[in-house]
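1. Output the structure for:
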Amino acid sequence: MALGTLDRTPPPFFRQGTSARTKLILFAALALFLMVADARFALVQQLRAALATVLLPVQRTLLVPVEIVEGGAEYLQGLKAARTAEQEALARLTQHSVQAARMRELEAENIKLRELLELRPSFTVRTQAAQVLWQAADPYTRKLVIDRGAKQGVALGAPVVNEQGVLGQVTRLFPLSAEVTLLSDKDAAIPVLNGRTQQRAAAFGGVNDALELRFIAANADVQPGDPILTSGLDGVYPPGLAVATVQHIDRRAEGGFARVSLKTSATMDNVHHVLVLEPMSRQLPPRPDPKDALAASGGPR
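-> Sure, this is the predicted structure:
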């Protein structure tokens, strides 16, 4: 190839135009001019507005991921706050429920205490209120332990009642406490009186956690619903206290005696407060000394 035919023009990479410094000065001057012109004459305001309108959908689209992230974070925080508030509300609701149940229990307890206090004027014996501490651990007996003992004047054999009727009597005495055997215990017995017929009998416990009248003739005048009261003949229980109600009569029992089942007037479970009575025997006048009686009669004849 002849040398005259070769292209001697430099490649684009080596072409030189306006220098970089000149371009910088030119564009800086143009930018300064546009800023001054926009500040003085608002030449590019309409262009800026049109450009902002065109770019607004693009900006909104680009902001969607950011809004999703921020919204998700706010949702999670709100969900956590809602769960925390729900737990706090449930805790407060539970506390209020416990307080309401406690208030109902205290109200029922106050009613029973008022009924106990209203029983006091009807007794001619000395009484004192006591609180049930616990139930005896022996599963084969029905006994309670109260917080009154010999130091408070409780006597052995003292009757124990509540607002419903007779519960039992003190069978074991300690200085600061006492053990009460309930009527439903298998070893309990109490002389009673039929409030309708005035017939005397004896009620025994230990029969299916209830009472039973024993040694009642098969043709005796006993009917379901008859009130069974204390007779007062034992010198322990004051007469006329509610003991039980006749529930069922089996007149076909062997031996010529009827089997009379009783339902106790007082509920033997969930007892919290009781009244301890002074035994009737303490109100009896002291027995005279045989020597004094002999001297009063003028000596032996």
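
2. can you give me the strands in the stretch 1-150 of the chain?
-> Using DSSP state E, counting those that start in this stretch, the strands of the stretch 1-150 of the chain run over residues 127-135, 143-146.

3. tell me the mean pLDDT for the helix or strand just after the shortest one?
-> Spelled out, it's strand 143-146. Where DSSP states H and E defines the elements, the next helix or strand beyond strand 143-146 is strand 159-161. Averaging pLDDT along strand 159-161 gives 90.

4. For strand 159-161, name the packing helices and strands.
-> Applying 3 or more C-beta pairs under 8 Å, 6 or more residues apart in numbering; DSSP states H and E, one finds that strand 159-161 contacts strand 166-173, strand 273-277. Quick note: C-beta positions are derived from backbone N, CA and C, even for glycine.

5. Can you add distance to residue 256 and give these back as TSV?
-> Listed next are the helices and strands packed on strand 159-161 as TSV, based on distance: least, C-beta to C-beta, whole Å:
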stretch	distance to residue 256
strand 166-173	29
strand 273-277	37
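
6. if we compare the ones you listed, which one ends up closest to residue 196?
-> strand 166-173 (18.2 Å; C-beta to C-beta).

7. Make CSV out of the strands of the stretch 1-150 of the chain and add distance to residue 235.
-> Shown next, in CSV, are the strands of the stretch 1-150 of the chain (distance: least, C-beta to C-beta, whole Å):
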stretch, distance to residue 235
strand 127-135, 17
strand 143-146, 22
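
8. Need the winner for burial among those strands.
-> Ranked by mean neighbour count, those are led by strand 143-146 with a mean of 20 (mean count of other C-beta atoms under 10 Å).

9. Contacts for it next, please.
-> 130-136, 160, 167-168, 171, 177-182, 185, 271, 274, 276 (C-beta atoms under 8 Å, 6 or more residues apart in numbering).

10. in its sheet, what does that strand sit against?
-> Applying DSSP bridges, strand 143-146 is found paired with strand 127-135 (antiparallel), strand 178-182 (antiparallel).

11. now that we're looking at the spatially closest residue to residue 134 that is not a sequence neighbour, how far away is residue 271 from it?
-> Leaving aside its sequence neighbours, residue 134 sits nearest to residue 145 (C-beta to C-beta, 6 or more residues apart in numbering; 5.4 Å). According to C-beta to C-beta, to the nearest Å, residue 145 and residue 271 sit 11 Å apart.
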